[in-house]
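quick one, structure for this:
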Amino acid sequence: MTRKERVIDALNHKQTDIVPYFVEFTQEEHNIIASHLNDKNFDDKWGLHLKYIQYWGWPTEISDKPEHFKDDFGVVWNRSSVDKDIGVVDEYVIKDIENYSYTFPVIDEKRLRKEYEDMIKAREDKFVMAGFGFSVFERAWSLVGMENVLMYMITSEAKLERFFEQICEYNIKLINIALEYDDIDGIYFGDDWGQQKGLIMGPKYWKKFVKPCIKKMYDTVKSKGKYIVQHSCGDVQDVFPDLIELGLDCYQTFQPEIYDIQKIKKEYGADLSFWGGISTQQLLVDSDVGTIKSETKRIMEIMSKGGGYIAAPTHAVTHDILPENILAMMDVFRSQNAK
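Sure thing, here's the model as predicted:
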């Protein structure tokens, strides 16, 4: 069985010979583990089951502002402090949703296609996806500001709805380019909606502003028979039924400090697959090697019953997680092959 076939079986809720697995890193952590192992390409040898490229704006370094990057959408990201992979927004592009003249960027189709073609060539037997980060809500707040978007949901509904529609229209142009490639197996959407408890904007406003865009994007993907993976950090359980209704195949990332994993598997596991489960917030950062191995095994046993699970850390692994802790988790993942 190829890795692609194994992932597809898992997404189709079939029991697989081993549980498909994946891990990704922030650049800082990748450098730490590469140094620890004396191998900058260490993860190429780990048998990971998926490969994807995520477009969210191609930030370009600003020559006269060290550690500042400007993306295609005109947003300047400051990576000088906490988040050195994405950064924090320096200044919002749209100042007033009631009166703005923002124009979405021209898609660099040549560059996008080159990335997809390179990914497909290097796929081996993996399940590959085109990813779109900051896809709806995150695109809105990166341009307008988080507090402003939440405020406009109440004070400027019509204008904000139109803005979300523009984001959606732009995304569908991107999605249609990816869907031209038969060798792309699925589409990955990144868009954080959750807090540690509940949705940032609440179910009512998620359904009013985010859901219509998600429906159009999901419908576009499903029209080509591709799988859909949706990333959102935090607690989004309130909209699991909506996501299932819209045709979502797999939810990522599945955080055990937020969800009762046995309850969620029982309630939604027949309709929704899950990717994640190995906590970067608690388990991997705070536990010893023995605990990490036993807890990883426990989570995998619960979540993989009847298929529907991709074992992985709950987020890109950050620089505060020790290499030996990641290697302990990987030992569990990879030792399945010895059965």
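
show me the strands in the chain, by range?
50-55, 60-61, 68-70, 76-78, 88-89, 127-132, 186-190, 227-231, 250-254, 273-278, 309-313 (DSSP state E).

so can I have CSV of these showing mean pLDDT, mean neighbour count and distance to residue 154?
Where C-beta positions appear, they are placed from N, C-alpha and C, glycine not excepted. Shown next, in CSV, are the strands of the chain (pLDDT from 0 to 100; neighbours: other C-beta atoms under 10 Å; distance: least, C-beta to C-beta, whole Å):
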stretch, mean pLDDT, mean neighbour count, distance to residue 154
strand 50-55, 97, 20, 31
strand 60-61, 94, 10, 35
strand 68-70, 95, 18, 31
strand 76-78, 94, 18, 28
strand 88-89, 93, 15, 22
strand 127-132, 98, 23, 28
strand 186-190, 98, 24, 26
strand 227-231, 98, 23, 26
strand 250-254, 96, 23, 28
strand 273-278, 98, 26, 32
strand 309-313, 98, 27, 36
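
residue 166 is nearest to which of those?
strand 127-132 (15.2 Å; C-beta to C-beta).

I figured residue 261 was touching residue 302, is that so?
Yes: with contacts counted by C-beta atoms under 8 Å, residue 261 reaches residue 302, the gap being 5.8 Å.

burial count for residue 175?
21 (other C-beta atoms under 10 Å).

ok, and the closest non-adjacent residue to it?
residue 220 (5.3 Å; C-beta to C-beta, 6 or more residues apart in numbering).

do residue 36 as well
residue 323 (4.0 Å).

and that neighbour, how far from residue 23?
12 Å (C-beta to C-beta, to the nearest Å).

who's more crowded, the two?
Applying other C-beta under 10 Å to residue 323 and residue 23 shows that residue 23 carries more neighbours, namely 19 against 16.

in the longest helix anywhere in the chain, which residues are buried?
Secondary structure of the chain per DSSP state H: the longest helix is helix 157-178. If you call a residue buried by 16 or more other C-beta atoms under 10 Å, then helix 157-178 has these buried ones: 160-161, 163-164, 166-168, 170-172, 174-175, 177-178.

ok, back up a step: tell me, how many residues neighbour the residue nearest to residue 175?
Neighbours of residue 220 (other C-beta under 10 Å): 18.

same deal with residue 240?
17.

can you check residue 316 too?
Other residues within reach of residue 316 by the criterion other C-beta under 10 Å amount to 15.

next, the contact list for it, please.
24, 25, 26, 29, 85, 280 (C-beta atoms under 8 Å, 6 or more residues apart in numbering).

on that earlier part again, Throw the strands of the chain into JSON lines and include distance to residue 153, thanks.
Below are those laid out as JSON lines (distance: least, C-beta to C-beta, whole Å):
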{"stretch": "strand 50-55", "distance to residue 153": "26"}
{"stretch": "strand 60-61", "distance to residue 153": "31"}
{"stretch": "strand 68-70", "distance to residue 153": "27"}
{"stretch": "strand 76-78", "distance to residue 153": "24"}
{"stretch": "strand 88-89", "distance to residue 153": "19"}
{"stretch": "strand 127-132", "distance to residue 153": "22"}
{"stretch": "strand 186-190", "distance to residue 153": "20"}
{"stretch": "strand 227-231", "distance to residue 153": "21"}
{"stretch": "strand 250-254", "distance to residue 153": "23"}
{"stretch": "strand 273-278", "distance to residue 153": "28"}
{"stretch": "strand 309-313", "distance to residue 153": "32"}
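
can you tell which of the ones you listed is closest to residue 118?
strand 50-55 (8.3 Å).

by contact count, what packs against that closest one?
Where contact means 3 or more C-beta pairs under 8 Å, 6 or more residues apart in numbering; DSSP states H and E, strand 50-55 is packed against helix 109-121, strand 127-132, strand 186-190.

given the shortest one, what are its sheet partners and their directions?
Strand 186-190 has the following sheet partners, assigned by DSSP bridges: strand 127-132 (parallel), strand 227-231 (parallel).
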